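S.K.: need coordinates for the following:
(one chain, ligands or ions: 2)
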Amino acid sequence: MIWGRGAYVTVALASALILFWLQYGKGFKQINAHTNETPLLSQAKRSKKRHANLTLDKMMEKFLQQSMDTEEKFYKYEEQRLKIEDKRREAEHARELQMLQMLGQMLAGISSTVSQRSQFVPSNPSQRSNHRSYGENFNYNSMTTTLSPPIVIERSFSVHKTHSIKEMENIFQLVRNVIPPLTAKKHKGQDGRIGIVGGCQEYTGAPYFAAISALKVGADLSHVFCTKDAATVIKSYSPELIVHPVLDSPDAVREVENWLPRLHSVVIGPGLGRDDLLLEHAKGIIEKSKVKGIPIVIDADGLWLIAQQPSLIQGYPRAILTPNAMEFSRLYEAMLRDPVDNNDYHGCLLRLSQALGNLTIVQKGERDLISDGEKVLVCSHEGSSRRCGGQGDILSGSLGVLAHWAFLAGPEKTNGQNPFLVAAFGACSLTRQCNNQAFQKFGRSMTASDMVLEIGTAFNKLFET
Ligand SMILES: NC(=O)C1=CN([C@@H]2O[C@H](COP(=O)(O)OP(=O)(O)OC[C@H]3O[C@@H](n4cnc5c(N)ncnc54)[C@H](OP(=O)(O)O)[C@@H]3O)[C@@H](O)[C@H]2O)[C@@H](O)CC1
Ligand SMILES: Nc1ncnc2c1ncn2[C@@H]1O[C@H](COP(=O)(O)OP(=O)(O)OP(=O)(O)O)[C@@H](O)[C@H]1O
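M.R.: Ligands and ions are numbered 1, 2, ... in the order given. Modelled structure (predicted):
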């Protein structure tokens, strides 16, 4: 389509040029012939030549005008096309929401039957839900109200599979497939508007790293929703960020909710802290985001909140959790009432994801393990031995963008794979590549800010070559 439109402009301009040539080519020839006349005739001819030059100027003017008209027509056509496309997307979104509501009502009926049966799990595997929809078929309201306290949803399969180099390269290719092309036809915002919820008096770096990473990966706009006293500090780090000092205001949830229709994904937790009021507000924002069907990445103190109230996110298929080792064991113990088995990380990850309703989980560490309860992807892309604070924030901000892109691209672009798994693999590889590059330059003195500066080249190296 894009090439077609480019060709249309080129052909239009070329046609105008050919018309111009056919119409006025003779004039050029006459002018060239006149340059060989004798001096006696030259005066008379000079005025003729001036006349010819004037005509040439006019012709040029006319030609330029024609070109500008053609270009203007093209852009008008393009604008109309984009408007139609926007309307089509809106209609599609409305249809999707309607379906969600209908199916949600059905699920609410099923859920109430399940809770009446007190955690009944059918013994026949074929009776268990094995359907992956990455979020089309849920009413998030009904899920949060009916699934508390958490129900452990058992699955009939557990794939303990690591991946060969060829398979890793295939996943890289899937990441490349979901990256939107850069074209001159898009307007600001189309490649991603990401919201980061976090940032309080103690922690201003974490939301900054997440938000700036989102921009450097390729989002167009990055919003930070933080407390009042963190806002000026975060703004002073970067003029690129849009900072809302609302998180400790009594109206915090409504203030953020007003922005949600304009956001493509939210990252909840970097630098949020554990103040009760802020956690309560984060909870409200998660609930509102679920209603809107927005992909939610939950990290850091957002995971602390989830460990206290797993039902808040359980069963929401557009959520991605990014726990480090400590955060993972908190979640695992909260959901499975058992300590993590250090001899079976894959199994624990699968069980936790399944217990949470097949959410995507990125268990960060020496090797990042990524699972949706069915598959485990392993990202062991070379990083470094340097473990400075803020690397997880870079990961969650990058994932905010990639999750949006992958979700938009859908399973067709990811070869039927869960798009969130692909996005998570992309974000982990990218973070580790940044770590590797920055470490080569700075060694032990490397910090998260040095990694942020590597995002552009790391991204190109991994995904655009
Ligand atoms: N510049 C900034 O503003 C930054 C702000 N940040 C923000 O800080 C907030 C709190 O985050 P957090 O990670 O410190 O809290 P939490 O998970 O309770 O860890 C506490 C203790 O758990 C342990 N531990 C941690 N990781 C582990 C591991 N992999 N493997 C094993 N153990 C591990 C370790 O215990 P220790 O080893 O010290 O005994 C650690 O001290 C949060 O909002 C975050 O976003 C950060 O993003 C950094 C940059
Ligand atoms: N031992 C390791 N070796 C190589 N890479 C690692 C290692 N541990 C973590 N990483 C990389 O760093 C990323 C961040 O993981 P980390 O455990 O530092 O998160 P975090 O503690 O949440 O970070 P933050 O300091 O931002 O809170 C991981 O996704 C992974 O790519």
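S.K.: okay, CA-based contacts and neighbour counts for the rest of this
M.R.: Will do.
S.K.: please enumerate the helices of this protein.
M.R.: Counting by DSSP state H, the chain has helices at residues 2-34, 39-116, 140-146, 165-178, 205-217, 228-237, 252-259, 276-291, 300-308, 325-336, 345-355, 391-409, 419-442, 448-463.
S.K.: next, the contact list for the residue in the stretch 201-350 of the chain that ligand 2 sits nearest to, please.
M.R.: Going by CA to the nearest ligand atom, ligand 2 is nearest to residue 324 of the stretch 201-350 of the chain, at 4.6 Å. Residue 324 is in contact with 363-365, counting by CA atoms under 8 Å, 6 or more residues apart in numbering.
S.K.: which one of the helices of the chain lies nearest to residue 382?
M.R.: Residue 382 sits nearest to helix 419-442 of all the helices of the chain, at 6.3 Å, using CA to CA.
S.K.: is ligand 2 within reach of that closest one?
M.R.: Yes. For helix 419-442, a contact with ligand 2 is found by CA under 6 Å from any ligand atom, at 428, 431-432.
S.K.: in that helix, what counts as buried?
M.R.: By neighbour count with 16 or more other CA atoms under 10 Å, helix 419-442 contains the buried residues 419-439.
S.K.: how distant is stretch 183-200 from the center of its chain?
M.R.: 8 Å (CA atoms, centre = their mean, to the nearest Å).
S.K.: tell me the buried residues in that stretch?
M.R.: Neighbour-count burial for stretch 183-200, counted by 16+ other CA under 10 Å, picks out 191-200.
S.K.: any chance of the contacts of residue 324 in JSON lines, plus distance to residue 61?
M.R.: As requested, the contacts of residue 324 are exported to JSON lines (distance: CA to CA, whole Å):
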{"residue": "363", "distance to residue 61": "64"}
{"residue": "364", "distance to residue 61": "63"}
{"residue": "365", "distance to residue 61": "65"}
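S.K.: which ones among the residues you listed come in contact with ligand 2?
M.R.: 364-365.
S.K.: show me which of the contacts of residue 324 is closest to ligand 1.
M.R.: Closest approach to ligand 1 among the contacts of residue 324 (CA to the nearest ligand atom): residue 365, at 6.3 Å.
S.K.: so who does the closest one touch?
M.R.: 324-325.
S.K.: what is the neighbour count of residue 170?
M.R.: For residue 170, the neighbour count with other CA atoms under 10 Å is 14.
S.K.: any idea how far residue 225 is from it?
M.R.: 37 Å (CA to CA, to the nearest Å).
S.K.: so which of the helices of the chain is nearest residue 383?
M.R.: Across the helices of the chain, residue 383 has its closest neighbour in helix 419-442 (4.4 Å, CA to CA).
S.K.: is ligand 1 contacted by the closest one?
M.R.: No. Shown here: helix 419-442 not in contact with ligand 1 (CA under 6 Å from any ligand atom), separated by at least 14.0 Å.
S.K.: mind saving the C-alpha coords of that helix as CSV?
M.R.: The C-alpha trace of helix 419-442 is given here as CSV (Å, rounded to 0.1, in the frame of the first residue of the first chain):
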residue,chain,number,x,y,z
PRO,A,419,2.1,-12.0,21.0
PHE,A,420,3.0,-11.1,24.6
LEU,A,421,5.5,-13.9,24.8
VAL,A,422,7.1,-12.5,21.7
ALA,A,423,7.1,-9.0,23.1
ALA,A,424,8.6,-10.2,26.3
PHE,A,425,11.4,-12.0,24.5
GLY,A,426,12.1,-8.9,22.5
ALA,A,427,12.3,-6.7,25.6
CYS,A,428,14.5,-9.1,27.5
SER,A,429,17.0,-9.5,24.6
LEU,A,430,17.0,-5.7,24.1
THR,A,431,17.7,-5.0,27.8
ARG,A,432,20.5,-7.6,27.9
GLN,A,433,22.0,-6.3,24.6
CYS,A,434,22.1,-2.7,26.1
ASN,A,435,23.7,-4.1,29.2
ASN,A,436,26.3,-5.8,27.1
GLN,A,437,27.1,-2.8,25.0
ALA,A,438,27.2,-0.4,27.9
PHE,A,439,29.4,-2.8,29.9
GLN,A,440,31.9,-2.9,27.1
LYS,A,441,32.3,0.9,27.3
PHE,A,442,32.2,1.4,31.0
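S.K.: next, the angle from that helix to helix 391-409.
M.R.: Between helix 419-442 and helix 391-409, the angle comes out at 140 degrees (axes from the mean of the first three to the mean of the last three CA atoms, to 10 degrees).
S.K.: leaving out chain neighbours, which residue sits closest to residue 332?
M.R.: Leaving aside its chain neighbours, residue 332 sits nearest to residue 352 (6.1 Å; criterion: CA to CA, 6 or more residues apart in numbering).
S.K.: how much space between the one you found and residue 397?
M.R.: As for residue 352, its distance to residue 397 is 23 Å (criterion: CA to CA).
S.K.: also residue 241?
M.R.: Separation of residue 241 from residue 397 (CA to CA) stands at 13 Å.
S.K.: what's the overlap in contacts for those two?
M.R.: Taking CA under 8 Å, 6+ apart as the criterion, residue 241 and residue 397 both touch 211-212.
S.K.: tell me which of those two has more neighbours.
M.R.: Ranked by neighbour count (other CA under 10 Å), residue 241 and residue 397 place residue 397 first, with 34 against 18.
S.K.: where does pLDDT dip in this structure?
M.R.: Applying pLDDT under 70 to the chain picks out residues 1-53, 86, 90, 93-94, 96-165.
S.K.: how about the residues of it by ligand 2?
M.R.: By CA under 6 Å from any ligand atom, the residues of the chain that approach ligand 2 are 300, 324, 364-366, 368, 383-385, 387, 389-393, 428, 431-432.
S.K.: residues contacting the residue lying closest to residue 307 once chain neighbours are set aside?
M.R.: Of all residues not flanking residue 307 in the chain, residue 331 sits nearest, at 4.9 Å (CA to CA, 6+ apart). Residues counted as contacts of residue 331 (CA under 8 Å, 6+ apart) are 303, 306-307, 352.
S.K.: now those: which count as buried?
M.R.: Using 16+ other CA under 10 Å, the buried ones in these are 303, 306-307, 352.
S.K.: nearest to residue 374, of those?
M.R.: Of the buried ones among the contacts of residue 331, the one sitting nearest to residue 374 (CA to CA) turns out to be residue 352, at 11.2 Å.
S.K.: surely that closest one meets residue 336?
M.R.: Yes. Residue 352 is within contact range of residue 336, at 7.3 Å (criterion: CA atoms under 8 Å).
S.K.: give me the subset of the buried residues of stretch 183-200 lying in strands.
M.R.: 193-197 (DSSP state E).
S.K.: can you pick out the most distant pair from those?
M.R.: Longest distance between any two of those is 13.3 Å, between 193 and 197; criterion CA to CA.
S.K.: before we move on, back to that, quick check, nearest of the contacts of residue 324 to ligand 2?
M.R.: So of the contacts of residue 324, ranked by how close each gets to ligand 2 (CA to the nearest ligand atom), first place is residue 365, at 3.7 Å.
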